[in-house]
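Visitor: sharing a sequence plus its predicted fold:
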Amino acid sequence: MPRRTDISSILLIGSGPIVIGQACEFDYSGTQACRVLKEEGYRVILVNSNPATIMTDPDFADATYVEPLRLDVLTRVIEQERPDALLPTLGGQTALNLAMELVEAGVLEEYGVELIGARSEAIATAEDRHLFKEAMLEIGLQVPTSGIAHSLDEAKEVVKDIGLPVIIRPAYILGGKGTGMAHSSEEFEKVAQNGLDASPITEILIEQSIAGWKEFELEVMRDKSDNCVVVCSIENFDPMGVHTGDSITVAPAQTLTDIEYQKMRDDSFACLRRVGVETGGSNVQFAVNPENGDQVVIEMNPRVSRSSALASKATGFPIAKIAARLAVGYTLDEIPNDITEKTPAAFEPTIDYVVTKIPRWAFEKFPGADGILGTSMQSVGEVMAIGRTFPESLQKGLRSLENGRFGLNADPAENSLKKMDNADLRSAAKVATPDRIYQVEALFRRGFTVEEVHSDTSIDPWFLDQILAITEERSYLENETLDTLDKWSWKRAKQLGFSDAQLAYLWETQESLVREKRENLGVFPTYKTVDTCGAEFAADTPYHYSTWEDENEVKPSGRPKIMILGSGPNRIGQGIEFDYCCVHASFALRSAGYETIMVNCNPETVSTDYDTSDRLYFEPLTYEDVSNVIEVEQPEGIIVSLGGQTPLKLAAVLPEELIAGTNPKSIDIAEDRELWNVLCRSIGINQPPGGTAINLDEAQEIADDVGFPVLIRPSYVLGGRAMEIVYDHSQLEKAMAELLEFGSLGIEGGLSSERPVLVDRFLEEAIEVDVDAIRDATGDAVIGAVMEHVEEAGIHSGDSACVIPPPHLSEEVIAKIEEFTLQIAEALEVKGLINVQFAVKEDQIYVIEANPRASRTVPFVAKATGVPLAKVASRVMVGATLAELREEKLLRPRVSGDHVAVKEAVLPFNRFPEADPVLGPEMRSTGEVMGIDLTTGLAFAKSQISAGGALPESGTVFMSLADRDKETGLEAARSLSDLGLEIVATKGTAEHLEKNGIRVKDVVAKLDEEGTDAVELIRSGAVQLVVNSPHGRGPRADGDHIRGAAGAEDIPLLTTASAALAAAKGLHEWKNSSLEVRTLQTYHEGVKAER
Amino acid sequence: MNRDVKVARLVLADGTIFEGEMIGAPPVNGVTTGEAVFNTVMSGYQEVITDPSYAGQIITFTYPHIGNYGVNNEDYESGNPFCSGVIVRQLSRRTSNWRATNSLDAFLKEHEVPGIAGIDTRRLTRHLRDQGSMPAAFGQGDLNELIQSAQKAPPTDGIDLVSTVTCKTKYIVPSLGGTRRIVAYDFGIKTTILHHLSKLGEVIVVPAQTSYEEVLEQEPDGVFLSNGPGDPAPLTDIRSNISSLLGEVPIFGICLGHQLLAATLGAETYKLPFGHHGGNHPVRNLKTGAVEITSQNHNYCVADGGIPSVDLTHINLNDETIEGLRCQEVPAFSVQYHPEAGPGPHDSQYLFKEFEELMAKTNGGKF
């Protein structure tokens, strides 16, 4: 059957901002879906609040709404667009939940919108634990045994049947509160009682614990003719008990016999059929008892997921693309396999390599978080590596993480384990943490056996033995030297994944010498192809990975080639924005006739879609791996300035003549304090006074000289890592101690004259401004946008909301800022993008820093202004002039409408309840949203809704303001009070407000005083908005608890007075106008406000 | 640690050389020869190695880690492997599965199957795909001797390999519940097929040379033509027996059994360049339109060319070769692929039910 002709327009819902558990894999799936549906001739209507996505590029859909993903907004879009169908399965849980809300609210029925891809009954069956369990039992599949209890006595009865250990989950609670595991009957009574207390309806679910069982996942697809295929099987390295998103996972399954695997396959199909997934992709998770093979179904997702993105990258089978085609009526056998082009998609990929996915965490960003992995996902990104064997792919994956590791130990960082004695190391490895894999290897080096480590960790002995093979190889290598190792042994070491850097560490020599010796012996990597079929059919897919075999399959073309280095794993400070830039570079350069070669290791991204570039190398972004690709491909140029810090760091070690765009020396000038000062003085731009220090004495001297508060920041770090504002000597001492010794940077080597800390006067209450601009080799330049931050200077720009155009800057100030930006770009001889940050205080402009590379605001600016900055910049980098690009119409003038765009950050504090949810100079957001409308207030209100902090239209606001915020806070309070919200405040704030004529309903006690305190008030549900501005870092017990409580109760929290003021204004306008939604395409044509 | 590696070479008849190390049993006279073929399954190596259809062949596994879950007492497809050798990238050092009773290496030694590991199996696979399956030899001996051995290795065309694997005397597999009596010709029959047939009734397994009279003496409800190794062309005696059984009794054939049935009906058979060996081939059921993911293992194939009084029932979606047929006038049908799986997907197990239905509605050999 060909595609459906009874529908002509399809609504797609994206997944919104990047949050933990939902990242750019849904940009990958959504982008594929948009492409396919447009190719099929449908009108595609897209709603997604995340401006950093490729899918929200105006080219990818016919109507692109960057609007909040909320029922009222979606309803308005449907009312306006009248789509024939809604496809909810490609935008993660967000899209699925919204689709269900639309069904339940009767919106789809009212407007005659058909849900395609998954029926609502199917979604309900898969999502509701109870319904799902019943459905699985009905078709004869096993599920973990469980029972429900309402009292301790009932609970004791239930547990008799199930047997200990059990997991206790209270009903109707948020964020896993009251959940616990019980191994003994004493423990059970305690945990059960806790659970009953935590549940508002005094109900707990008692479930058989299967922690320690082996975990598997099957990625399956079904079409409307009931053809089913397994795309990929995945086996978790970490046993049950660690969230799949936080587990190292391996494809294909390694330890299942065919009998067991086929049973899993049959069960997956049965599950899909029973749940009622009619078309599309799903994943089904299983646990297997390693003692007897008992197999239970854990859960299924009736949609594409993070693991389906992984499965697509792991096999070359594009699940999202095919799911979109199936949703519009095709069957699997009607869709060709893109890779072979000759065979149909109705088959099961077979692979001849091993894929390993390793999560990347950011615990260093959240002081207080314990770093223990459990049933709630905490990782912020992941890497994937391909090798012919598990040890090779594991070590490639570990060095892809970019956390300073060279592979599985054999690097300087392994020394931190030396401090532990055997008993300590063994007990450390019993707990699942990001370090466990390294601890396991160290245990083998200390002579522990696979059996011992297995009994401590429940990691499958097969995996452990593969690690042992690495350990054994290491001890062999340690007895050799750079000069004694024979060719055969070199190859064997490389086949086990050892990097040149690891060998250099083991032999106490330099990596460059290792490389030289290896190449002299003729030991080179070979490149193989990901082809879905284990080489059974010829495939021209340009999707490659390195390994150390006989045959190299890659044959470079003779075309002019540009290599683009991607940004590696998502992490805080470096996420989808940079992937967006790399993908745009590839698109722009391909259409300009270059062959583009992408190198990256992040399976979630659009950049690692084999369709994005002419060639894709799925490789770690290290000197060795990247140099190897350069040797094979011989590109004309390499783009390093679009992928964030990752490729930029490599720029220093790659051949300078190959670096496209701005010379890496300019990057050094911008980072080197002395050179930068000279440059600023020569242009005549003010800087906040300050200096550089490498110890406390020097830092104190500067602070005394310029006066507190001072901003301290290490050089060459990402996302403002370890940046801090300090208000006095004792805070400075503590901060310096962290940098020098016990902080995460201290551990990595602390400070040196090459890597000093910058100590600058902190400009309080200044407006921070960001500018993105492009300069070409002829000196012509263009300003992308000037952005005004909502939060004052001192909050990391990545965590601050910002607004285009600037609402509070005069035209003169803006013009001056633009002029300074261009002067800096000129002085740095920028060829490509530059981002400059300024602080404006009382119309005085200070420059804070300049970065001659893509910034994370590039996609936001492009969406707000209609100028494809990244595309333009990439062309400029390879030699085009802005004049030529204007001629080509690639560089368009900024749109001249009246709209305002607000970017807001999305923070992951709900995942780290122990960490203080306060903003500062260190970036901690995972993602961003954009609100766009015709006034600043409305755009801001939309951005808040999209970021998950919808402002209350009535109720009570709790305010507690630092002294310095009391003026701005007063204005905010007045505005909120005018809106009819009631105000409660702490004593000092209340006095200040009442003195200025604002009614305060209640004065809230401090935590150690008599009476109801703020935390109790928040927990009781009496507060709908919390405004709490702390100052500086240090012991601020009250504020910590107040913000913590707001985070736990999911109450909107504003931690700066300026944000509160913006919120109050936004709320005011929101309440007094009707909801309007417009497409980006409309905004880009220029929308004028009615006057 | 043990770096005492038995360096060995694998040589193809066209002179292509690979280096690896010996695993499994030492080859008799130091060298192993056979036709090199590749199989793309990612699980099920025990079933593949014990499948008698691999007689005379050296099996290359495209998946690099082989031996991970060891071997067990249940997953045998025959009592003994008949393949000449196995080629792997990486033999597992350790076994991990609750059913495992032995390691693969120990199993190979016990059953005298030589193997070679450390081979760039992807390079080998690409070579066989592009140049076709070809004779090969491996061992630790002199390179020239290996090349000569590879070149002297017997071809499969025109060779009767069935006689090397069929049972010597008939035996009975008791029913697992069904009431039928089925005579199964053993051309190299797989245990999983017998398991499926025995669910339908008692199975009398007979040697390949058994005459049609002897078969009919058993008064069977149906006759099954099994899988087996090699070329169907030289098996003329078997074909004449099948010819005599057609119309007398319902017949179901799998793999070589399918080729023999087709040849008996007048079809030509030919050798595919590198065969179908894997667990992921899409086959369309022409009656229902459904796609089945199938287990496959054959080098020879039935040529399309209007076989009289026969409907084509199944077709391979990858290369459009014939995968199944059904006689219009007599109760007989067959498939090229392996509905019993072992290893592979279970999508096509309905064919055993169809055999049962055919036996149920057929009065003797007539519809």
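Guide: Structure's in. What do you need? Numbering: from 1, shown residues only, chains lettered A, B, ... in the order given.
Visitor: for A:Pro556, give me its contacts.
Guide: Contacts for A:Pro556 (CB atoms under 8 Å, 6 or more residues apart in numbering or on different chains) come out as A:Val632, A:Glu633, A:Gln634. The C-beta positions use only the backbone N, C-alpha and C, and glycine is treated the same way.
Visitor: which ChimeraX command selects the buried ones in those?
Guide: In ChimeraX, this line selects whichever of the contacts of A:Pro556 come out buried by 16 or more other CB atoms under 10 Å in any protein chain shown:
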select /A:632,633
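Visitor: next, the buried residues of stretch B:119-131.
Guide: So, applying 16+ other CB under 10 Å, buried residues of stretch B:119-131: B:Ile119, B:Asp120, B:Thr121, B:Arg122, B:Arg123, B:Leu124, B:Thr125, B:Arg126, B:His127, B:Leu128, B:Arg129.
Visitor: equivalent analysis for stretch B:303-319, please.
Guide: Buried-residue list, stretch B:303-319, by 16+ other CB under 10 Å: B:Ile307, B:Val310, B:Thr313, B:His314, B:Ile315, B:Asn316, B:Leu317, B:Asn318.
Visitor: next, count neighbours for the single nearest residue of chain A relative to chain B.
Guide: Distances between chain A and chain B by CB to the nearest CB are smallest at A:Asp258, namely 3.3 Å. A:Asp258 has 25 neighbours, counted by other CB atoms under 10 Å in any protein chain shown.
Visitor: again with A:Pro688
Guide: For A:Pro688, the count of nearby residues is 18 (other CB under 10 Å).
Visitor: ramachandran coordinates for it?
Guide: phi -60, psi 140 (degrees, to the nearest 10).
Visitor: got the contact list for it?
Guide: Applying CB under 8 Å, 6+ apart, the residues contacting A:Pro688 are A:Val706, A:Leu711, A:Asp760, A:Arg761, A:Phe762, A:Leu763, A:Ala839, A:Tyr846, A:Ile848.
Visitor: check A:Ala171 too.
Guide: By CB under 8 Å, 6+ apart, the contact set of A:Ala171 is A:Ile148, A:Ser199, A:Ile201, A:Glu203, A:Ile204, A:Leu205.
Visitor: how is the third one assigned, secondary-structure-wise?
Guide: Put plainly, it is A:Ile201. Here A:Ile201 takes the coil state, with states given by DSSP: H, G, I helix; E, B strand; the rest coil.
Visitor: excluding its backbone neighbours, what's nearest B:Glu292?
Guide: Distance criterion CB to CB, 6 or more residues apart in numbering or on different chains; nearest residue to B:Glu292, sequence neighbours excluded, is B:Asp347 at 4.1 Å.
Visitor: so that neighbour touches B:Ile293, yeah?
Guide: Yes: B:Asp347 lies in contact with B:Ile293 (CB atoms under 8 Å); the separation is 5.4 Å.
Visitor: so which bits of the stretch 1-150 of chain B are right by chain A?
Guide: B:1, B:3, B:18, B:38, B:40-44, B:46-47, B:62-65, B:68-69, B:72, B:74-75, B:89-90, B:92-99, B:120-123, B:125-126, B:129-130 (CB under 8 Å from any CB of the partner chain).
Visitor: rerun at 6 Å
Guide: Residues of the stretch 1-150 of chain B lying near chain A by CB under 6 Å from any CB of the partner chain: B:1, B:40, B:42-44, B:62, B:64, B:68-69, B:90, B:93-94, B:96-98, B:120, B:122-123, B:125-126.
Visitor: which PyMOL command selects the buried ones in these?
Guide: Entered in PyMOL, the line below selects the buried ones among the residues of the stretch 1-150 of chain B next to chain A, by 16+ other CB under 10 Å:
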select buried, chain B and resi 40+42+43+44+62+64+68+69+90+94+96+97+98+120+122+123+125+126
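Visitor: so which of the residues of the stretch 1-150 of chain B next to chain A are in strands?
Guide: Here DSSP state E is the test, and these give B:Gln90 as lying in strands.
Visitor: before we move on, the earlier item: okay, and which of the contacts of A:Pro688 map to helices?
Guide: Among the contacts of A:Pro688, the residues falling in helices (DSSP state H) are A:Val706.
Visitor: save the contacts of A:Pro688 as a markdown table, and put in pLDDT, neighbour count and distance to A:Ser9 too.
Guide: Shown next, in a markdown table, are the contacts of A:Pro688 (pLDDT from 0 to 100; neighbours: other CB atoms under 10 Å in any protein chain shown; distance: CB to CB, whole Å):
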| residue | pLDDT | neighbour count | distance to A:Ser9 |
| --- | --- | --- | --- |
| A:Val706 | 92 | 17 | 60 |
| A:Leu711 | 88 | 21 | 51 |
| A:Asp760 | 90 | 23 | 54 |
| A:Arg761 | 91 | 19 | 57 |
| A:Phe762 | 88 | 24 | 52 |
| A:Leu763 | 86 | 21 | 51 |
| A:Ala839 | 93 | 23 | 47 |
| A:Tyr846 | 95 | 22 | 51 |
| A:Ile848 | 91 | 20 | 47 |
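Visitor: mind telling me what element the closest residue in space to A:Glu109 that isn't next to it in sequence is part of?
Guide: Of all residues not flanking A:Glu109 in the chain, A:Val103 sits nearest, at 7.8 Å (CB to CB, 6+ apart). Per DSSP states H and E, A:Val103 falls inside helix A:92-104.
Visitor: send the alpha carbons of that helix over as PDB?
Guide: Extracted as PDB, the C-alpha positions of helix A:92-104 are listed here (Å, rounded to 0.1, in the frame of the first residue of the first chain):
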ATOM      1  CA  GLY A  92       9.800  11.600  23.600                       C
ATOM      2  CA  GLN A  93       7.600  11.400  26.800                       C
ATOM      3  CA  THR A  94       6.800  15.100  26.500                       C
ATOM      4  CA  ALA A  95       5.000  14.600  23.100                       C
ATOM      5  CA  LEU A  96       3.300  11.400  24.200                       C
ATOM      6  CA  ASN A  97       2.000  13.000  27.400                       C
ATOM      7  CA  LEU A  98       0.800  16.100  25.600                       C
ATOM      8  CA  ALA A  99      -1.000  13.900  23.000                       C
ATOM      9  CA  MET A 100      -2.800  12.100  25.800                       C
ATOM     10  CA  GLU A 101      -3.800  15.400  27.300                       C
ATOM     11  CA  LEU A 102      -5.200  16.500  24.000                       C
ATOM     12  CA  VAL A 103      -7.100  13.300  23.700                       C
ATOM     13  CA  GLU A 104      -8.500  13.600  27.200                       C
END
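Visitor: what is the neighbour count of residue 334?
Guide: Since you didn't name a chain, this refers to chain A. Neighbour number of A:Glu334 under other CB under 10 Å is 17.
Visitor: wrong one, chain B
Guide: As a burial measure, B:Ser334 scores 29 neighbours (other CB under 10 Å).
Visitor: quick one: strands adjacent to the helix or strand containing it?
Guide: According to DSSP H and E, B:Ser334 maps onto strand B:332-335. Its sheet considered, strand B:332-335 pairs with strand B:251-254 (parallel), strand B:322-327 (antiparallel) by DSSP bridges.
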